[in-house]
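[1] Got a predicted model here, sequence first, then my questions.
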Amino acid sequence: MNKYLLFVLLNMFFIPNLCGESFLTAQQFPVTFQDLSFTQRVAVIKEGFEPYQSEFDENGVCITNCAYAGITIKQEQERSIIDTQNALAESAQYIHTQNLPIDTKNIISAVTVNTDGQYSNCANYNPGINPESGVPYGEPLIGQAVISSGYDLQRLHPITKKIKPHYGIDYAVPVGTLVYTTACGRVVNVWHDQKCGNGLKIQHNDGTYAVYCHLDSVLVNIGENVVAGCAVARSGNSGGSTAAHLHYGLKNKSDRFINPSGYVGRGA
């Protein structure tokens, strides 16, 4: 081989360049949630990429996408109940300290949004939500949309016969239906994955989080502040979805899923 050509090849593939960086860069291959370390899982969950497909075997022991190794469905239920009770109590305390009305239904039929750039434009508004509320009371859709699946930690998969908890409420609505935020807050994440599809995560003023999945489109951006009752997305059929619907989940201050039924008023 020509010595000059050999020298060039060595510089290209083995010798760092003059900037101190190698020409060779490590390839980042995708990994599944199960392949991540505990610390990495916590980071992923906190960023809003939710492991919705947790799976428990016939003995009630978690085998896939577990919160921690060996957790049983009974422990998951007990933790969920306590987390939900604490979240509702914290939300009630927030209302008390803020002197906000508890009844959030039909307080006003329109909202005037601040024009100083603090809040997103609110072209469409849900009159069933109090625009001053920092607590996610009410529903993310206008009217009484059909609930196709409620919050259920004992949901049995019809094919695998494994228990796959459902950490939220599913509303059967057509693609393109406007989705509304249920409390004032800030958009902390907008993403896409194979399970949630097009997702949106909002942190409310009382510390709770709302997670919206299977969206067709998102109308807000990360970092924007949103007024309660404003349209933030359109429902769809993206991700791990077999029919058009909206998945609506709530999480507590510790970023763990809670039962949204007590906030919504139905869907248990």
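    Nice, thanks for sending it over.

[2] ranges for the helices of this structure?
    Counting by DSSP state H, the chain has helices at residues 3-13, 38-46, 73-98, 261-264.

[3] for the second one, what is the average pLDDT?
    Which is helix 38-46. Average pLDDT, helix 38-46: 57.

[4] let's have the chain start at 659 instead
    Sure, I'll start counting at 659 from here, so that last one is helix 696-704.

[5] Break this structure into its domains for me.
    661-697, 704-922 (automatic domain parsing).

[6] deepest of these, which one?
    Stretch with highest mean neighbour count among the domains of the chain: domain 704-922 (a mean of 18; mean count of other Cβ atoms under 10 Å). The way it works is simple: take the backbone N, C-alpha and C, and place the C-beta from them, glycine included.

[7] For D874, which non-adjacent residue is closest in space?
    G894 (2.9 Å; Cβ to Cβ, 6 or more residues apart in numbering).

[8] My guess is that neighbour contacts L873. True?
    Yes - in terms of Cβ atoms under 8 Å, G894 counts as a neighbour of L873; the distance is 5.0 Å.

[9] joint contacts of those two?
    Both G894 and L873 are in contact with G855, N856, where contact means Cβ atoms under 8 Å, 6 or more residues apart in numbering.

[10] can you pull the contacts of A745?
    Taking Cβ under 8 Å, 6+ apart as the test, what A745 contacts is T866, L908, N910, K911, I916.

[11] and the residues you listed, which of them are in strands?
    Secondary structure from DSSP state E places L908, I916 of the contacts of A745 in strands.

[12] Show me the shaky parts of the stretch 759-908 of the chain.
    Scanning the stretch 759-908 of the chain for pLDDT under 70 picks out 759-779, 815-818.

[13] please redo it, this time with the cut-off set to 90
    759-791, 801-802, 806-825, 849-855, 895-902 (pLDDT under 90).

[14] can you give me the strands in it?
    Along the stretch 759-908 of the chain, the stretches classed as strands by DSSP state E, counting those that start in this stretch are 805-807, 827-829, 836-838, 843-851, 855-862, 867-876, 883-884, 889-893, 904-909.

[15] any idea how far the residue lying closest to P832 once chain neighbours are set aside is from C871?
    Once flanking residues are discounted, P832 sits nearest to A902: 5.7 Å by Cβ to Cβ, 6+ apart. Applying Cβ to Cβ, to the nearest Å, the value for A902 to C871 is 12 Å.

[16] if we can go back for a sec, please tell me how far the residue nearest to P832 sits from A830.
    From A902 to A830 the distance is 8 Å (Cβ to Cβ).

[17] same deal with F915?
    Distance from F915 to A830, by Cβ to Cβ: 21 Å.

[18] likewise T755?
    37 Å.

[19] same check, this time on R813
    Going from R813 to A830 by Cβ to Cβ gives 16 Å.

[20] again, but for N723
    N723 is 25 Å from A830, by Cβ to Cβ.

[21] One more: V804?
    When V804 is compared with A830 (using Cβ to Cβ), they lie 5 Å apart.

[22] do the same with Y783
    23 Å.

[23] before we move on, what about A745?
    26 Å.

[24] Distance across stretch 813-826, terminal residue to terminal residue?
    Stretch 813-826 has an end-to-end distance of 12 Å (Cα to Cα, to the nearest Å).

[25] Excluding its own residues, what touches that stretch? List them.
    Contacts of stretch 813-826 (Cβ under 8 Å, 6+ apart): 708, 710-716, 718, 721, 731, 734, 807-812, 869, 871, 905-908, 915, 918.
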